[in-house]
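Asks: pasted the sequence and its predicted model underneath.
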Amino acid sequence: MVGRDPYSTSYSRNSGRRIPHLDKIDPDAPDRTAILLMVHRFELAGIEIDERAIEIATKFMRWERDKKDKEAAEREAKWQAEQEQRRAEAEARGCWVYFIRAGQLAKIGMTTNLAGRFSSFRPNEVLAVQPGGLAEEAALHRQFTDLRVRGEYFHPGPALQRYIRHLRETLGAPDWHKSTVPDGNDWFPLQTEPES
């Protein structure tokens with residue numbers, strides 16, 4: 001073997017073909033390209049390409065794929081567990097789902113710090129606040145999906161208005177005016193609302 005050109009395919013039985021050994025590998029093998037590359041590396045290393053070499057390359061590439069699939073599944077499971085832990089921690093901290101007015105749209109969001117959220121966002125009006133975390137926020141986004149404009153912003157359709165009114169009646173109107181930016185278009189004026 002000394003003195004042989006490692007890049008030559010003259011010792012290959014498939015000499016002259018565009019892809020050597022293509023006919024030796026199952027066309028339905030999911031790792032076919034990787035197996036061909038491994039066989040080529042064997043060939044460059046001076047290994048005779050016979051049925052045993054093809055079998056070794058095939059087994060190795062299956063092992064590699066299975067290993068990668070297992071690692072990906074473990075990463076996904078770890079990510080899911082971290083998300084569940086974050087949700088549980090958020091629930092334990094006391095989360096709030098809030099409804100605020102930003103211009104002519106309503107925003108449904110979630111926070112663990114109402115004061116910080118409202119001072120950074122500066123809504124026109126705080127419409128309602130209810131206890132709840134990510135799950136409740138996601139459920140409300142699904143409930144009012146027909147009214148969604150983009151992201152967490154919704155048109156103030158009748159169903160959303162009824163829901164906010166119900167929250168204000170059962171939980172009380174939020175007494176939050178410190179960080180709001182009034183624009184004179186309040187949906188719920190600051191004075192006491194007349195009872196119907």
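Replies: That came in fine, so what should we check first?

Asks: convert stretch 67-82 to PDB, retaining C-alpha atoms only.
Replies: Taking C-alpha atoms only, stretch 67-82 is exported to PDB below (Å, rounded to 0.1, in the frame of the first residue of the first chain):
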ATOM      1  CA  LYS A  67     -27.100   9.500  19.700                       C
ATOM      2  CA  LYS A  68     -28.000  12.900  18.200                       C
ATOM      3  CA  ASP A  69     -31.700  12.100  18.400                       C
ATOM      4  CA  LYS A  70     -31.400  11.100  22.100                       C
ATOM      5  CA  GLU A  71     -29.400  14.200  22.900                       C
ATOM      6  CA  ALA A  72     -32.100  16.300  21.100                       C
ATOM      7  CA  ALA A  73     -34.800  14.600  23.100                       C
ATOM      8  CA  GLU A  74     -33.000  15.200  26.300                       C
ATOM      9  CA  ARG A  75     -32.500  18.900  25.500                       C
ATOM     10  CA  GLU A  76     -36.200  19.200  24.700                       C
ATOM     11  CA  ALA A  77     -37.200  17.500  27.900                       C
ATOM     12  CA  LYS A  78     -34.800  19.700  29.900                       C
ATOM     13  CA  TRP A  79     -36.200  22.800  28.200                       C
ATOM     14  CA  GLN A  80     -39.800  21.700  28.900                       C
ATOM     15  CA  ALA A  81     -38.900  21.000  32.600                       C
ATOM     16  CA  GLU A  82     -37.300  24.500  32.800                       C
END
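
Asks: now that stretch: average pLDDT?
Replies: Stretch 67-82 carries an average pLDDT of 91.

Asks: who touches that stretch?
Replies: Applying CB atoms under 8 Å, 6 or more residues apart in numbering, stretch 67-82 turns out to have no external contacts. C-beta: built from backbone N, CA, C; applies to glycine.

Asks: please point out which parts of that stretch sit buried.
Replies: For stretch 67-82, the neighbour count (16 or more other CB atoms under 10 Å) marks no residue as buried.

Asks: now do stretch 24-33
Replies: Neighbour-count burial for stretch 24-33, counted by 16+ other CB under 10 Å, picks out K24, I25, D31.

Asks: go on, stretch 145-158?
Replies: Buried, per 16+ other CB under 10 Å, within stretch 145-158: L147, E152, Y153, F154, P156.

Asks: okay, and A34 sits in which element?
Replies: Secondary structure assignment for A34, by DSSP states H and E: helix 32-44.

Asks: contacting residues around stretch 148-155?
Replies: Outside stretch 148-155, the residues touching it (CB under 8 Å, 6+ apart) are A102, L105, A106, K107, I108, G109, H141, F144, L147, L160.
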